[in-house]
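Asker: What follows is a predicted structure for the sequence shown.
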Amino acid sequence: MNRFIGFFVAALILAGVVRGNAGDVLWGVTNGINDTGFWTGGEIFTVDTGTGNVAIKAAYAYSGAAGDVRGFGDIAMNGNGDMYVTYYSDGAGNFKTLAKVNTSDWSFEWTQTMPEQINALTFVGDTLYAAAGGGAVDNLYKFNSLDGTTAPTLIGASGYLGSDGDLFYDAPNDKLYNVYTPNSTGNLVELNRTTGVGTLIGTLNGTAKFGTTTGSVNYGWAGMEFDSAGKLWAANWNDQILYSRPNLLPGSDVVQEFDLSTSLGGNITGLSIPEPGTIAMLIFAGLTALAAAWFRAKKK
């Protein structure tokens, strides 16, 4: 038994070392490809939040044909690694196409036309939430089924005028946030998942200064996501730079983490990190299996 306990502790230490040497895998999408400008296609990519290393997983060129990816709006992944994106399609209008991505060959397993422009996606557990944008009062939706045919359920309007922005979930505090960007500024709003009504938390400008209205205003935040340590990662739609903030508390320092301009061919429009608990669950499941094997061997 002592040998197993020693192995168990060693495995936990090893898991901690592995996580310590690298950050969470941050997934993202872009508007544009090969530095040829907006509305020319899009990319799906990953960034190691510990090192800044970028991997382009797939690039989609726009030829003008109906159904082509003209630019991505957002990306969301659940704890099982299922990936969904919203994109502007020549045949479906402004970010009205939702697709499930096959992460083996990067084709779309299915596509579905949304009831209105969907700029933001995020998972809360196994439920995908979506926020509409495009210069109107933003509606909050949720998907009771993700099968390519079942329409999302309208929850309600937030009460805030919005355009480009992002939807992100604070799991430890069970809070859903959206960043609305009317007039190229950003309003941080907490959303009620039952009614869709938003409560204004603060104003974010379009630079790296979260939570302040001073400084130049370029474009609003198009990608925001918490990592497993509770750090908030963000991308400005107008550049290819990743920023971070320790949390959402007022006065938290903002850090410019990585300049991805030499690695990406388009501007970042969405970010996603699978649920932080997934990795821990996988480690726990593996250790549980090892424990079961040890006890079986002990009985023999």
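Answerer: Sure, I can see it.
Asker: Low-confidence ranges, the stretch 51-200 of the chain, go.
Answerer: 134-136, 161-164, 181-186 (pLDDT under 70).
Asker: ranges for the strands of it?
Answerer: Along the stretch 51-200 of the chain, the stretches classed as strands by DSSP state E, counting those that start in this stretch are 54-61, 69-77, 83-89, 93-101, 108-113, 118-124, 127-132, 137-143, 153-161, 166-170, 175-180, 186-191, 198-204.
Asker: Make JSON lines from those and add mean neighbour count to it.
Answerer: Bear in mind the C-beta positions are built from the backbone N, C-alpha and C, glycine included. Compiled in JSON lines, these are given as follows (neighbours: other C-beta atoms under 10 Å):
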{"stretch": "strand 54-61", "mean neighbour count": "16"}
{"stretch": "strand 69-77", "mean neighbour count": "26"}
{"stretch": "strand 83-89", "mean neighbour count": "25"}
{"stretch": "strand 93-101", "mean neighbour count": "21"}
{"stretch": "strand 108-113", "mean neighbour count": "15"}
{"stretch": "strand 118-124", "mean neighbour count": "25"}
{"stretch": "strand 127-132", "mean neighbour count": "23"}
{"stretch": "strand 137-143", "mean neighbour count": "21"}
{"stretch": "strand 153-161", "mean neighbour count": "17"}
{"stretch": "strand 166-170", "mean neighbour count": "23"}
{"stretch": "strand 175-180", "mean neighbour count": "23"}
{"stretch": "strand 186-191", "mean neighbour count": "23"}
{"stretch": "strand 198-204", "mean neighbour count": "17"}
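Asker: so which of these gets nearest Phe38?
Answerer: For these, proximity to Phe38 was assessed by C-beta to C-beta; strand 69-77 is nearest, at 6.3 Å.
Asker: hang on, the earlier thing: of the strands of the stretch 51-200 of the chain, which is nearest Trp27?
Answerer: Here strand 69-77 is closest among the strands of the stretch 51-200 of the chain (C-beta to C-beta), at 5.7 Å.
Asker: Strand partners (parallel or antiparallel) of the helix or strand hosting Ala234?
Answerer: Under the criterion of DSSP states H and E, Ala234 resides in strand 232-236. Using DSSP bridges, the strands paired with strand 232-236 in its sheet are strand 221-226 (antiparallel), strand 241-245 (antiparallel).
Asker: orientation of the last one relative to strand 54-61 in degrees?
Answerer: Spelled out, it's strand 241-245. 130 degrees (axes from the mean of the first three to the mean of the last three C-alpha atoms, to 10 degrees).
Asker: what's the average pLDDT for the helix or strand that comes right after strand 241-245?
Answerer: Following strand 241-245 in sequence order, the next helix or strand is strand 255-259 (DSSP H and E). Confidence over strand 255-259 (mean pLDDT, whole number) is 88.
Asker: now strand 255-259, how far from the centre of its chain.
Answerer: 17 Å (C-alpha atoms, centre = their mean, to the nearest Å).
Asker: and if you look at stretch 144-151?
Answerer: That offset, for stretch 144-151, works out to 20 Å (C-alpha atoms, centre = their mean).
Asker: and what of stretch 227-246?
Answerer: 11 Å.
Asker: quick one: terminal-to-terminal distance for it?
Answerer: End-to-end distance for stretch 227-246, by C-alpha to C-alpha, to the nearest Å: 10 Å.
Asker: In contact with Gln240, which residues?
Answerer: Asp259, Leu260, Ser261, Ser263, Leu264, Asn267, Ile268 (C-beta atoms under 8 Å, 6 or more residues apart in numbering).
Asker: Strands - which of the residues you listed land there?
Answerer: Those of the contacts of Gln240 mapping onto strands are Asp259, Asn267, Ile268, per DSSP state E.
Asker: The first one contacts Ile241, correct?
Answerer: Going back to what we said before, that points to Asp259. Yes - contact criterion C-beta atoms under 8 Å: Asp259 and Ile241 qualify, at 5.2 Å.
Asker: Have a look at those two and say which one is more surrounded.
Answerer: Neighbour totals were compared for Asp259 and Ile241, and Ile241 leads with 16 against 13 (other C-beta atoms under 10 Å).
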